[in-house]
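1. Here is the input, now give the coordinates:
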Amino acid sequence: MDRDSLKKDYIELVASVREYVEEQLQLGFKESELSEPEQESPYANFDLTALATDAASCTKCPLHETRNSVVFGVGNTDADLMFIGEAPGADEDRQGEPFVGRAGQLLTQIIEGGMKLKREDVYIANVLKCRPPGNRNPEPVEVETCNPYLVRQIELIQPKVIIALGSFAAQMLLGTKIGITKLRGEFHACKVAGLRVLPHKKPPVVMPTFHPAYLLRNPNAKADVWEDIKKVLAFLADV
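-> All right, here's what the predicted structure looks like:
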């Protein structure tokens, strides 16, 4: 059996163990009543490298037919702050890294110039890992199909705050169809179905704000984004 097959079997095994633990909890068992390997298996021995390897060979939706790269994610795998955008664009598709085009350069300015952090201090990902043709909006079936990768990224990173960049990220994380204009500026509870949080961690809070691509078209909205960012900085300073 080749290496790729082994990794695929390994990921399927971890998913099966996760499902078993969730079933036991639903039946009334407490986590303390489960054996140590069963408690830790959804998180221990399942790193972002294995998840990225699985994503790199994903053919679950038609987007794999037109992509150049799977754009998985980049940054600090133990970050307190996670940025989640919509989908890769042309530059990201070529380079295999999220937010490297004009919108990405603006996001880097926000992180480094405004927040006084380094880009590598945070973790950056997208709802979709493959570029939609022509940068069109993600389709619901694509979001649903790609969703498990992002959920597992959040579980493995365990951030304290997620900044949702734009409507698609905010709506996915909050389980709503409300637009970004009404959602932005306030912290929301993360409502990702099935999201597992380690016992010593709290679920991440979500701050929706405008996508950097929107700011390129509407520079006046930068002031609103800065207000949202200041709230995130204040929150992180207190936790």
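2. Tell me which stretches of the chain form strands.
-> Here the chain has its strands, by DSSP state E, at 74-75, 81-85, 123-126, 161-165, 188-189, 205-209.
3. Leu216 is nearest to which of those?
-> Put simply, out of the strands of the chain the one that sits nearest Leu216 is strand 161-165, at 12.6 Å, with distance taken as Cβ to Cβ. Placement of C-beta: from N, CA and C, glycine included.
4. and that closest one, average pLDDT?
-> Summarised as a single mean, pLDDT over strand 161-165 is 98.
5. For that strand, enumerate the helices and strands it packs against.
-> Other elements packing on strand 161-165 under the criterion 3 or more Cβ pairs under 8 Å, 6 or more residues apart in numbering; DSSP states H and E are strand 81-85, helix 167-174, strand 205-209, helix 222-238.
6. circling back: can you list the strands of the chain in TSV and add distance to Pro98 and mean neighbour count?
-> Shown next, in TSV, are the strands of the chain (distance: least, Cβ to Cβ, whole Å; neighbours: other Cβ atoms under 10 Å):
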stretch	distance to Pro98	mean neighbour count
strand 74-75	6	19
strand 81-85	7	26
strand 123-126	5	26
strand 161-165	10	26
strand 188-189	22	14
strand 205-209	16	24
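7. how near is Ile84 to Asp91?
-> Distance, Ile84 to Asp91, by Cβ to Cβ, to the nearest Å: 18 Å.
8. Any regions of the protein where pLDDT drops low?
-> Along the chain, the parts satisfying pLDDT under 70 run over 1-46.
9. Quick one: residues contacting the residue nearest the centre of the chain.
-> The geometric centre of the chain, computed from its C-alpha atoms, lies nearest to Leu150 (Cα atoms, centre = their mean), at 4.4 Å. Residues in contact with Leu150, defined by Cβ atoms under 8 Å, 6 or more residues apart in numbering, are Ile84, Ala125, Asn126, Val127, Met172.
10. nearest to Pro138, of these?
-> Closest approach to Pro138 among the contacts of Leu150 (Cβ to Cβ): Val127, at 6.5 Å.
11. Just give me the neighbour total for the closest one.
-> Applying other Cβ atoms under 10 Å, we find 24 residues neighbouring Val127.
12. For it, give me its contacts.
-> Remark: with contacts taken as Cβ under 8 Å, 6+ apart, Val127 is in contact with Ile84, Gly85, Glu86, Ala87, Pro138, Val143, Cys146, Asn147, Leu150, Phe168, Ala169, Met172.
13. for the helices and strands packed on strand 161-165, which one ends up most surrounded?
-> strand 81-85 (a mean of 26; mean count of other Cβ atoms under 10 Å).
14. What pairs with that one, parallel or antiparallel?
-> Looking at strand 81-85 with DSSP bridges, its partner strands are strand 123-126 (parallel), strand 161-165 (parallel).
15. a markdown table for those strands, including distance to Lys202?
-> A markdown table is the format used below for the strands paired with strand 81-85 (distance: least, Cβ to Cβ, whole Å):
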| stretch | distance to Lys202 |
| --- | --- |
| strand 123-126 | 17 |
| strand 161-165 | 11 |
